[in-house]
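Visitor: sharing a model prediction with you, sequence too.
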Amino acid sequence: MRTIAAALALAATAASHATFQELWVGSEDEVSTCARLPANNNPVTNVASNDIRCNVGGTTAAGAKCSVAAGESVTVEMHQQPGDRDCTKEALGGNHFGPVMVYMSKVDDASSADGSSSWFKIFEDGYDSATKTWGNDKLNKNCGKQEVTIPADIAPGDYLLRAETIALHTASQANGAQFYMTCYQLTVTGGGSANPTGVKFPGAYSASDPGIKVDIWGNSFTEYTIPGPPVYSG
């Protein structure tokens, strides 16, 4: 069984890539208005590269910002091809199993910030061993959508929001994990005065982290350690 699964995973390495493309603010579909869309749907594999911040070419951008109130929900949306929101297709297919995480970074101007400021995590969903379900399995079942809540106590102002999933189907080999992320440009209104401490990208992840270099096909695999800092509790 393990050999068959590993072979299927290797066969899928060049297929079913994807990007986080759209954003919903509450029930309002903002489409890709405030997304720093990557040039293509290929993954980042080098955690020491600046590309790990907001994907290839995503550290500089000009464009619109989406306004969201502190405490409000937003929904990030992932699909395999640009503009293809067909819910009959998996958001990230080909046995690309892995966690889903969302970070935020306080910046002076979300339309020009390069992602070098610190990031705090506001959401994570890893692996449920009881149901053998991954965070991005839920993306596939929910038309690529993941809803998260903007912390109610953070200070108002501009932020980058970073949505990420890691595909672990070939992560047992060095640099085999595939990182898919997109940054969204937000202006947060209301809120409080909290400025959560965070981590830097690159730096937050190591290629040898147990949640990054891991054999999810091994017979001994029963639990998963999500990389990065804990979720900010507010």
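Guide: Sure thing, it's come through. Numbers count the residues shown, from 1 in each chain.

Visitor: alpha carbons only for contacts and neighbour counts from here, please
Guide: OK.

Visitor: neighbours around Glu124, how many?
Guide: A count of nearby residues for Glu124, using other C-alpha atoms under 10 Å, gives 19.

Visitor: give the contact list for the nearest residue to it once chain neighbours are set aside.
Guide: With sequence-adjacent residues excluded and distances taken as C-alpha to C-alpha, 6 or more residues apart in numbering, Glu124 is closest to Met101, at 4.3 Å. Applying C-alpha atoms under 8 Å, 6 or more residues apart in numbering, we find Met101 in contact with 121-125, 163-165.

Visitor: now the residue nearest the centre of the chain: closest residue in space that isn't a chain neighbour?
Guide: With distances taken as C-alpha atoms, centre = their mean, Glu164 lies nearest the centre of the chain, 0.9 Å away. Once flanking residues are discounted, Glu164 sits nearest to Met181: 4.2 Å by C-alpha to C-alpha, 6+ apart.

Visitor: Ala91 now?
Guide: For Ala91, ignoring the flanking residues on the chain, the nearest one in space by C-alpha to C-alpha, 6+ apart is His79 at 4.4 Å.

Visitor: where in the protein is pLDDT low?
Guide: Along the chain, segments meeting pLDDT under 70 span 1-15.

Visitor: can you map out the strands along it?
Guide: For the chain, applying DSSP state E gives strands covering 19-25, 28-29, 35-36, 66-69, 73-79, 100-107, 120-125, 127-128, 133-134, 145-149, 157-167, 178-189.

Visitor: separation between Gln178 and Thr133?
Guide: 18 Å (C-alpha to C-alpha, to the nearest Å).

Visitor: which one of the two is surrounded by more residues?
Guide: More neighbours surround Gln178 than the other of Gln178 and Thr133, with 24 against 16 (other C-alpha under 10 Å).

Visitor: the more buried one bridge partners, please.
Guide: Under the criterion DSSP bridges, Gln178 forms beta bridges with Ala167.

Visitor: can you count the residues close to the closest residue to Trp24 other than its chain neighbours?
Guide: Closest residue to Trp24 apart from its sequence neighbours, by C-alpha to C-alpha, 6+ apart: Thr75 at 4.8 Å. Counted by other C-alpha under 10 Å, the residues lying close to Thr75 total 20.

Visitor: for Leu160, see how far away Thr75 is.
Guide: Taking C-alpha to C-alpha, one finds Thr75 at 14 Å from Leu160.

Visitor: kindly report the same for Ala207.
Guide: Between Ala207 and Leu160 the computed distance is 24 Å (C-alpha to C-alpha).

Visitor: neighbour-wise, which of those two wins?
Guide: Leu160 (29 against 17).

Visitor: that one contacts Lys106, correct?
Guide: Yes: assessed by C-alpha atoms under 8 Å, Leu160 is found in contact with Lys106 at 6.7 Å.

Visitor: helices along this structure, start to end?
Guide: Secondary structure of the chain by DSSP state H: the helices cover 2-11, 51-54, 135-141.

Visitor: export the second one as CSV, just CAs?
Guide: In CSV, the C-alpha atoms belonging to helix 51-54 read as follows (Å, rounded to 0.1, in the frame of the first residue of the first chain):
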residue,chain,number,x,y,z
ASP,A,51,9.5,33.9,-2.3
ILE,A,52,8.2,32.1,0.8
ARG,A,53,6.7,35.5,1.9
CYS,A,54,4.1,36.1,-0.8
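
Visitor: so which elements touch it?
Guide: With contacts taken as 3 or more C-alpha pairs under 8 Å, 6 or more residues apart in numbering; DSSP states H and E, helix 51-54 sits against strand 178-189.

Visitor: now do the strand it packs on against strand 19-25, angle only.
Guide: If you take axes from the mean of the first three to the mean of the last three C-alpha atoms, to 10 degrees, strand 178-189 sits at 20 degrees to strand 19-25.
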